[in-house]
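# next comes the sequence, and after it the predicted model I'd like to discuss.
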Amino acid sequence: MNNFYYKAYDKSGSSIEGQIEGDTVEQAKSKINEQGYFLVSIEAQNEIKKLSLFETKKLTLSELEFVTAELSLLLKSGVKIDRCLQILSKGKSGSNTQTLFLELYKSVKKGEALSEAFSVFPDFDNLYINLIKMGEESGQLAEVFEGLANDLKYRKELRSRIIQSITYPSVILFVCIIAVFFVFNFIVPQMSSLFEGNDNLPFYTEILLSLSTWMRDYQLYLFFFLVAFIVAFSFLIKKQNVKEWLDVKLLKLPIVKQAIYKVERIRFNTSMALMITSGVQIDKAIELSANSVKNIVLKKHLLKAKDKVKKGLSLTEAFQANPIYPDFLLSLVEVGEEAGKLSVVFDDIAQRSRSEFESWTTKITNLLEPVMILFMGGIVGSVVVVMLLSIISVNDSF
């Protein structure tokens, strides 16, 4: 069975593009004619597997948000889902999103439900698929895609905020490392000739010269060691037991712990607000929303809360021992339960957490900036001071 890419017109005169399977070109043409299309061109393609693109080129968060927002916009405008996919499949040729829309359009035209078509692609998690399924059943697919688009937009902004908060300190640290390498590879060796033949060098001068010699002799090995460490760490972090061990250790670091709590609180509460608004049952909403939490330890806490809810406990009682929910936020959840406004409460908690995280990252960045500058200045300045003291001591010895 071969794949064929075709261009045609439907009965209304609209241009369409798509893929169709057939043993021969004639068979593919026959199938297109049976659908009532007027064929313009057809060409054979290499067999395209649905997962092949996404095993090597996963959709970025921006692409996921674009896909969802475009579907939401067209569905709210009254365009049917198959027509939506057909229109969107005419996007940038060869892009990830165009291939996705072509595959979705092909599946929907075969009679598959949209949720089934999306479930083939690993880029879309269970929360995404379940909400689409509920949207199909309730006839509120446009509203579901709008909520998902907002959720992905928040995730994108959160990632951008995290990257922004660590970029400047990382740049300062990189400059510091470059400065140290430059000093030990060029400055110190140039000045070491001043101390040749002197057997009574101060201890700090000998330490500085030894460090410079070691750096020049072993820095290539050091570089390969760092590369090997990064590669090994990237491989090990994918293992469940290693990731869980790391997550436990990170929650014990004071500053890092606060950042993790805030970020995971945003992720979980944003998902909960979306799920409850879409009519998902509380226990199922907790289970699906917990999948958006990256820290394994916190995810386990949330899944335990789901089990408690299934046993008949209230949300407030289920979340009582959960580190994501301090006392103040627990009181908000309790108010939401009593008033029947849980979606509003979870959305409010997510908004509060975003504001807190932005304020926290601003403070940390402002604090790290002078600390990193002092650190860099301290290292470079120490080398300069040691060199000056060494030169003075040599002059005094003559």
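Arrived safely, thanks for sending. Numbers count the residues shown, from 1 in each chain.

# ok, residue 245 to residue 237 distance?
Using Cβ to Cβ, to the nearest Å, residue 245 is found at 10 Å from residue 237. All C-beta atoms are positioned from the backbone trio N, CA, C, and that covers glycine.

# please disregard the earlier target; I meant residue 213.
In terms of Cβ to Cβ, residue 213 sits 36 Å off from residue 237.

# cool, residue 269 as well?
Distance from residue 269 to residue 237, by Cβ to Cβ: 26 Å.

# can you check residue 287 too?
25 Å.

# go on, residue 273?
30 Å.

# if you count what's nearby, which of those two comes out ahead?
Neighbour totals were compared for residue 273 and residue 237, and residue 273 leads with 25 against 10 (other Cβ atoms under 10 Å).

# for that one, what are its contacts?
Residues in contact with residue 273 (Cβ atoms under 8 Å, 6 or more residues apart in numbering) are 343-344, 346-347, 350.

# what comes up buried for the helix or strand where it lies?
Secondary structure from DSSP states H and E places residue 273 in helix 254-277. Across helix 254-277, burial judged by 16 or more other Cβ atoms under 10 Å covers 259-277.

# again, but for stretch 279-294
280, 282-283, 285-293.

# just the pLDDT at the closest residue to residue 342 other than its chain neighbours, thanks.
Excluding the flanking residues, the one nearest residue 342 by Cβ to Cβ, 6 or more residues apart in numbering is residue 336, at 4.5 Å. pLDDT, residue 336: 88.

# go on, residue 46?
Reported pLDDT for residue 46: 48.

# which helices and strands does the helix or strand hosting residue 381 pack with?
Secondary structure assignment for residue 381, by DSSP H and E: helix 342-397. The helices and strands touching helix 342-397, judged by 3 or more Cβ pairs under 8 Å, 6 or more residues apart in numbering; DSSP states H and E, are helix 141-182, helix 188-192, helix 203-236, helix 254-277, helix 327-339.

# turn those helices into JSON lines, including distance to residue 392.
Below are the helices and strands packed on helix 342-397 laid out as JSON lines (distance: least, Cβ to Cβ, whole Å):
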{"stretch": "helix 141-182", "distance to residue 392": "23"}
{"stretch": "helix 188-192", "distance to residue 392": "13"}
{"stretch": "helix 203-236", "distance to residue 392": "11"}
{"stretch": "helix 254-277", "distance to residue 392": "42"}
{"stretch": "helix 327-339", "distance to residue 392": "61"}
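
# hey, which of those is tucked in deepest?
A comparison of the helices and strands packed on helix 342-397 by mean neighbour count, using mean count of other Cβ atoms under 10 Å, puts helix 254-277 on top with a mean of 21.

# beyond it, next helix or strand please.
Using DSSP H and E, the first helix or strand after helix 254-277 is helix 282-290.

# name the surrounding residues that touch that following helix.
126-127, 130, 268, 271-272, 275-276, 280, 299, 302-303, 305-306, 309-310, 315, 342.

# residue 114 touches residue 104, doesn't it?
Yes - counting by Cβ atoms under 8 Å, residue 104 is a contact partner of residue 114 at 7.4 Å.

# out of the two, which sits in the busier spot?
Applying other Cβ under 10 Å to residue 114 and residue 104 shows that residue 104 carries more neighbours, namely 26 against 22.

# put the alpha carbons of whichever strand or helix holds the more buried one into PDB.
In the assignment (DSSP H and E), residue 104 maps to helix 96-109. Output of helix 96-109 as PDB, limited to C-alpha atoms (Å, rounded to 0.1, in the frame of the first residue of the first chain):
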ATOM      1  CA  ASN A  96       5.600  19.800  11.700                       C
ATOM      2  CA  THR A  97       2.200  21.400  12.000                       C
ATOM      3  CA  GLN A  98       1.300  20.900   8.400                       C
ATOM      4  CA  THR A  99       2.200  17.200   8.600                       C
ATOM      5  CA  LEU A 100       0.200  16.900  11.800                       C
ATOM      6  CA  PHE A 101      -2.900  18.500  10.300                       C
ATOM      7  CA  LEU A 102      -2.700  16.400   7.200                       C
ATOM      8  CA  GLU A 103      -2.600  13.200   9.300                       C
ATOM      9  CA  LEU A 104      -5.500  14.400  11.500                       C
ATOM     10  CA  TYR A 105      -7.500  15.300   8.400                       C
ATOM     11  CA  LYS A 106      -6.900  11.900   6.900                       C
ATOM     12  CA  SER A 107      -7.900  10.100  10.100                       C
ATOM     13  CA  VAL A 108     -11.100  12.200  10.500                       C
ATOM     14  CA  LYS A 109     -12.100  11.700   6.900                       C
END
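
# which strands or helices does that helix pack on?
Counting by 3+ Cβ pairs under 8 Å, 6+ apart, helix 96-109 packs on strand 15-22, helix 50-56, helix 61-76, helix 81-88, helix 114-119.

# so after the first one, what's the next helix or strand?
Right, strand 15-22. helix 25-34.

# same thing with the last one?
Next in sequence after helix 114-119, counting helices and strands by DSSP H and E, comes helix 126-138.

# in that next one, what's buried?
Quick answer for helix 126-138 (16+ other Cβ under 10 Å): 127-136.

# circling back: for the helix holding residue 381, what is the average pLDDT?
Rounded mean pLDDT across helix 342-397 is 80.

# and the angle for that helix with helix 203-236?
Between helix 342-397 and helix 203-236, the angle comes out at 150 degrees (axes from the mean of the first three to the mean of the last three Cα atoms, to 10 degrees).

# quick one, what contacts residue 133?
113, 115.

# what ranges of the stretch 151-300 of the chain fall below the confidence cut-off?
197-199 (pLDDT under 70).

# residue 314 reaches residue 336, doesn't it?
No - look at residue 314 against residue 336 with Cβ under 8 Å: they stay out of range, at 10.8 Å.
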